[in-house]
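Student: sequence first, predicted model second:
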2 protein chains.
Amino acid sequence: MLLLDVSESSSNPSDDEQKIFQYIDHHQDTFVQSLSEWVAVESDSIQPHLRENITEMVNIAADSLRVLGATVELRNVNAQEPFGQNLSLPPVILAELGNDTEKPTVCFYGHLDVMPAKKEDGWKTDPYTLTERDGKLYGRGTTDNKGPVLAWINAVRAFIALNMTMPVNIKFLLEGMEEAGSPGLEDLLKEEEKGFFSNVTYIVISDNIWLSNKKPALTYGTRGNAGFFVEVECCNKDLHSGSFGGIVHEAMSDLVALLDSLVDSSGRILIPGIYEDVASITDEEMQLYAPIDFNFDEHKANIGVKEFLYKTKDDILLNLWRNPSLSIHGIEGAFSEPGIKTVIPSKVIGKFSIRQVPNMNLTTVQSQVKEHLKNVFSKRNSPNKLTVSMQVGAMPWIANIKDPQYEAARRAIKTVFQQDPDMIRDGSTIPVAKMFEDITKKSVMMFPIGAADDGEHSQNEKINRLNYINGIKVFASFLLEISKLHSASGLMTST
Amino acid sequence: MLLLDVSESSSNPSDDEQKIFQYIDHHQDTFVQSLSEWVAVESDSIQPHLRENITEMVNIAADSLRVLGATVELRNVNAQEPFGQNLSLPPVILAELGNDTEKPTVCFYGHLDVMPAKKEDGWKTDPYTLTERDGKLYGRGTTDNKGPVLAWINAVRAFIALNMTMPVNIKFLLEGMEEAGSPGLEDLLKEEEKGFFSNVTYIVISDNIWLSNKKPALTYGTRGNAGFFVEVECCNKDLHSGSFGGIVHEAMSDLVALLDSLVDSSGRILIPGIYEDVASITDEEMQLYAPIDFNFDEHKANIGVKEFLYKTKDDILLNLWRNPSLSIHGIEGAFSEPGIKTVIPSKVIGKFSIRQVPNMNLTTVQSQVKEHLKNVFSKRNSPNKLTVSMQVGAMPWIANIKDPQYEAARRAIKTVFQQDPDMIRDGSTIPVAKMFEDITKKSVMMFPIGAADDGEHSQNEKINRLNYINGIKVFASFLLEISKLHSASGLMTST
């Protein structure tokens, strides 16, 4: 652990930063032009017939890195094709620039593929023609994830164009199948733990967005998830409710009672012991919440809810990020179509999941859920068959925000945006951060540059020109800050 | 109301009956041959491209009636085609034989169409080739409803072949779209209330089956049904359970609590007041249950339930036939596919129904359900939107089993089967009996001849040769008994 003096933080750009920022400002249109070229490639990884476009996109990105002087390897991955067709997966880019053992090594992960988009889906402009309106750059992939990937490449480009020494060694891991579940990525990380990753100091992912439309953020945690099936079977075929209603212990009555025992109307999970392992909140952690920019009314209006379960910003964010939650998703095997069908379903499977937070343990949670449901069921004296199983188990991810790269990113943000970032988490499970941390054992940071209203995966996806250009600056500044922190700590530790 | 002396009931066939039964026995193979010809016509009313077969079947049946000397009208109905295609509905047969104002008039209702059947569905024989094995006549429509319709026609044929006076006037109403919901039938009944039905004394329907494989039955009641939708809406679009789980009043939690408030684990409906209007059981009614042939273990094994809600035959039958029951059918709008989807559904609609019995009132039931659900919901302090609606409302049907036609049918059964019938009800809603009664205001009886294991609507549908042949006899005997009862009561009322 490096020792840091947080008071060193400054909002005035250094001379190096000033030169770089000026270069970036002067070349704004060139950077937007590059993004336009990238957006024009329909590198959709969900529609198998567009697979060639991904390979084309990988080649374009590889060329951009080679131009910077990077060594680029196009690595074929050995994984099952997710669409089960006779297709080959696109290669993953493993690139490196600089190999100075005195310098830290920052590895950036990003992806070059996009979700499907068609004008007819409700786009106001052609999704594959970058279109600027009111300072917003519209196009599929602008924020997820081509814009941030190019921001990183352009940040490096600025150093090289200005003939400045790279402050750190840089690595890029860029894949083309993220939206299709990153087939082969996990195995590649395992293979390269002692290879490509051996000298990596920090891993940065810029594949999420801020909590606010205006205020920058750093993401230091995501919730995990434990997904459960609770199955009740009452008979060997669906029955007619006229012919059997009134004499059968119906599977649906049992299931509805089981599901109703999980969470109360205030959102509190009723499974005994479930909160026992949840990490207590510290004053230090609590202080992170006060400055966060979170617009209550905007969030309510956006999804059309009348009231949230909580009335204060702190309670909302605590319950979204660092407390577990239980959601009931639906029932398989019951009647789910429009209209009415007088059926007594024979076998029904309730689906629910519990978002996981530190320090919950998946094995414990699984036992608690099974024990609880068995208890509730046994009180019903039902002769039916109950089966409870955990189908999905993903651990939460939490980073140490005192880690040097978080400090470097804070400083860079302060310099570029003239404000401290919101320190945020994500309520959903982003497996990639946890996967990188678990396999490589390196510090991982999620460093977004897109705004809350960018519309990832949605129609009219955009990145603000300002976010893209400031993103280039903030990444460049981050590399300088990382280097400074390392030199400082190196001096300190050698005295 | 006619006065009846039940002690008159006899199990020895009269001379007329003996002649007729002999004729029927001698012509068994001819009757089976006719059934074979009817089964060969794939008069499937569910698959629109087979519509021509129904018209062919209607013409065959019309010819069979004309041969008996009946006046046959093929009436076009004015109704919406249920499959919304440019098809015309087959005509309905209105036939009559005899117009003696001194005699009662018996009107038989039946249908000539069948449910779809394909060998690949699991039939051991071709469904449209009547195949006899071990005394069972396999084929689509053998029991539902071609066999019973032919049994009626053949019963009349026996009188005519033997040159015997018809003991009653006979009418036939035969349709070809019953399995598709009888489009136009209700309007036809209304039009003919003062026409075709004006001189009808009794209406007989033979479109159901016995409760037992061996013991005959008469059906005197069916339950009605009130089908409800309970809808909860929490937001204007489906949400991701990671991004919103823990801060939203989820519609599914509300709905599961509402559904869990409807019925307890003993099958008792928890809606206040719901049992208030249920008719009390009389000793007389209770006595009908003791002789009923109901094999507990067979019923359990057939549907694969471990235990029923009740331990005695009486409790089972009371709760199936004359008590209300509540079944939860499913949920629309939630995730219902295999696998897991981390969704918070925005709008979910629970579907349930309450079987109706005398003297429940649909308007009262609707109020009770709405009131109850509103109360449960209000205790949750949920800001979500609740909507409760009754989608289906069908009244129960109950006949007076002291009506002369029930007595005549009992006597005919005693003569032909040498045992008293089970007096049964049907737990499900058979709208046709109630519809005939409500519109024509005539006495309606359900007089089945098929056995419990006939497999209506199922693979390997069959009618036992014995049931079919005895069915012809019992219908012939019924006509004689009706006539006798009328003469007897006529004498009595004129003295």
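Tutor: Thanks, I have it. Numbers count the residues shown, from 1 in each chain, chains lettered A, B, ... in the order given.

Student: OK, contacts around the residue in the stretch 301-450 of chain A that chain B sits nearest to?
Tutor: Going by Cβ to the nearest Cβ, chain B is nearest to residue A:428 of the stretch 301-450 of chain A, at 2.2 Å. Yep, even glycine has a C-beta here, placed from its N, CA and C like the rest. Contact analysis of residue A:428 by Cβ atoms under 8 Å, 6 or more residues apart in numbering or on different chains lists A:222, A:223, A:225, A:355, B:240, B:241, B:242, B:243, B:342.

Student: now do the contacts for whatever residue of the stretch 101-250 of chain A ends up closest to chain B.
Tutor: Closest approach between the stretch 101-250 of chain A and chain B, counting by Cβ to the nearest Cβ: residue A:242, at 2.2 Å. Applying Cβ under 8 Å, 6+ apart, one finds that residue A:242 lies in contact with A:342, B:223, B:225, B:355, B:426, B:427, B:428, B:429.

Student: closest to residue A:148 among those residues?
Tutor: Closest approach to residue A:148 among these (Cβ to Cβ): residue A:342, at 53.8 Å.

Student: list phi and psi for the nearest residue to that closest one once chain neighbours are set aside.
Tutor: Residue nearest to residue A:342 in three dimensions, not counting chain neighbours: residue A:241, with 4.4 Å by Cβ to Cβ, 6 or more residues apart in numbering or on different chains. When read as degrees, to the nearest 10, the backbone of residue A:241 gives phi -70, psi -20.

Student: that older thread, now do the SS call for the closest residue to the residue of the stretch 301-450 of chain A closest to chain B other than its chain neighbours.
Tutor: Leaving aside its chain neighbours, residue A:428 sits nearest to residue B:242 (2.2 Å; criterion: Cβ to Cβ, 6+ apart). Per DSSP: H, G, I helix; E, B strand; the rest coil, the secondary structure class of residue B:242 is helix.

Student: the nearest residue to residue A:77 once chain neighbours are set aside: what's it in contact with?
Tutor: Counting by Cβ to Cβ, 6+ apart, residue A:184 is the residue found nearest to residue A:77 once chain neighbours are left out, at 3.0 Å. Applying Cβ under 8 Å, 6+ apart, we find residue A:184 in contact with A:77, A:78, A:79, A:89, A:92, A:177.

Student: helices of the stretch 101-250 of chain A, start to end?
Tutor: Ranges of helices in the stretch 101-250 of chain A, per DSSP state H, counting those that start in this stretch, are A:146-161, A:185-192, A:241-244.

Student: picking up where we left off before, so which of the contacts of residue A:184 wins on neighbours?
Tutor: Taking other Cβ atoms under 10 Å in any protein chain shown as the neighbour criterion, residue A:177 ranks highest of those with 25 neighbours.

Student: gap between that one and residue A:207?
Tutor: Here residue A:177 is placed at a distance of 14 Å from residue A:207 (Cβ to Cβ, to the nearest Å).

Student: shared neighbours of these two, anything?
Tutor: Taking Cβ under 8 Å, 6+ apart as the contact rule, residue A:177 and residue A:207 both touch residue A:111.

Student: which SS class is the closest residue to residue A:41 other than its chain neighbours?
Tutor: The shortest distance from residue A:41 to any non-neighbouring residue, by Cβ to Cβ, 6+ apart, is to residue A:57 (4.7 Å). At residue A:57 the chain is in helix, as set by three-state DSSP.

Student: just to check, residue A:57 is in contact with residue A:113?
Tutor: Yes: with contact defined as Cβ atoms under 8 Å, residue A:57 counts as touching residue A:113 (7.3 Å).

Student: which neighbours do these two share?
Tutor: Common neighbours of residue A:57 and residue A:113, using Cβ under 8 Å, 6+ apart, are A:43, A:176.

Student: and residue A:367, what is it in contact with?
Tutor: Shown in contact with residue A:367 (Cβ under 8 Å, 6+ apart): no residues.

Student: and it, backbone torsions?
Tutor: Per-residue torsions, residue A:367: phi -60, psi -40 (degrees, to the nearest 10).

Student: three-state assignment of residue A:368?
Tutor: What three-state DSSP gives for residue A:368 is helix.

Student: so it sits against residue A:270, correct?
Tutor: No: using Cβ under 8 Å, residue A:368 is not in contact with residue A:270; the gap is 10.9 Å.

Student: neighbour count: those two, which is higher?
Tutor: Using other Cβ under 10 Å as the criterion, residue A:368 and residue A:270 rank with residue A:368 on top: 20 against 13.

Student: for residue B:214, see how far away that one is.
Tutor: For residue A:368, the distance to residue B:214 equals 53 Å [Cβ to Cβ].

Student: circling back to that earlier point, possible to save the contacts of residue A:242 as a markdown table with secondary structure and distance to residue B:98?
Tutor: Below are those laid out as a markdown table (DSSP: H, G, I helix; E, B strand; the rest coil; distance: Cβ to Cβ, whole Å):
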| residue | secondary structure | distance to residue B:98 |
| --- | --- | --- |
| A:342 | coil | 40 |
| B:223 | coil | 36 |
| B:225 | strand | 38 |
| B:355 | strand | 40 |
| B:426 | strand | 31 |
| B:427 | coil | 37 |
| B:428 | coil | 35 |
| B:429 | coil | 34 |
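
Student: from the residues you listed, list just the buried residues.
Tutor: The neighbour-count test (16 or more other Cβ atoms under 10 Å in any protein chain shown) applied to the contacts of residue A:242 identifies A:342, B:223, B:225, B:355, B:426, B:427, B:428, B:429 as buried.

Student: how about the residue nearest the centre of chain A: what's its closest non-neighbour residue?
Tutor: In chain A, the centroid-proximal residue (Cα atoms, centre = their mean) is residue A:430; its distance is 4.0 Å. Closest residue in space to residue A:430, ignoring its immediate chain neighbours: residue A:222 at 4.6 Å, by Cβ to Cβ, 6+ apart.

Student: bridged to the one you found, which residues?
Tutor: Assessed by DSSP bridges, residue A:222 has beta-bridge partners residue A:397, residue A:426.

Student: residues contacting it?
Tutor: By Cβ under 8 Å, 6+ apart, the residues touching residue A:222 are A:396, A:397, A:425, A:426, A:427, A:428, A:429, A:430, A:433, A:434, A:446.

Student: just the pLDDT at it, thanks.
Tutor: Reported pLDDT at residue A:222 in the predicted model: 96.

Student: can you give me the buried ones in stretch A:214-224?
Tutor: In stretch A:214-224, counting by 16+ other Cβ under 10 Å, buried: A:215, A:216, A:217, A:218, A:219, A:220, A:221, A:222, A:223, A:224.

Student: can you list these in TSV and add distance to residue B:22?
Tutor: What follows is the buried residues of stretch A:214-224, written out as TSV (distance: Cβ to Cβ, whole Å):
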residue	distance to residue B:22
A:215	99
A:216	100
A:217	96
A:218	98
A:219	93
A:220	95
A:221	91
A:222	87
A:223	83
A:224	82
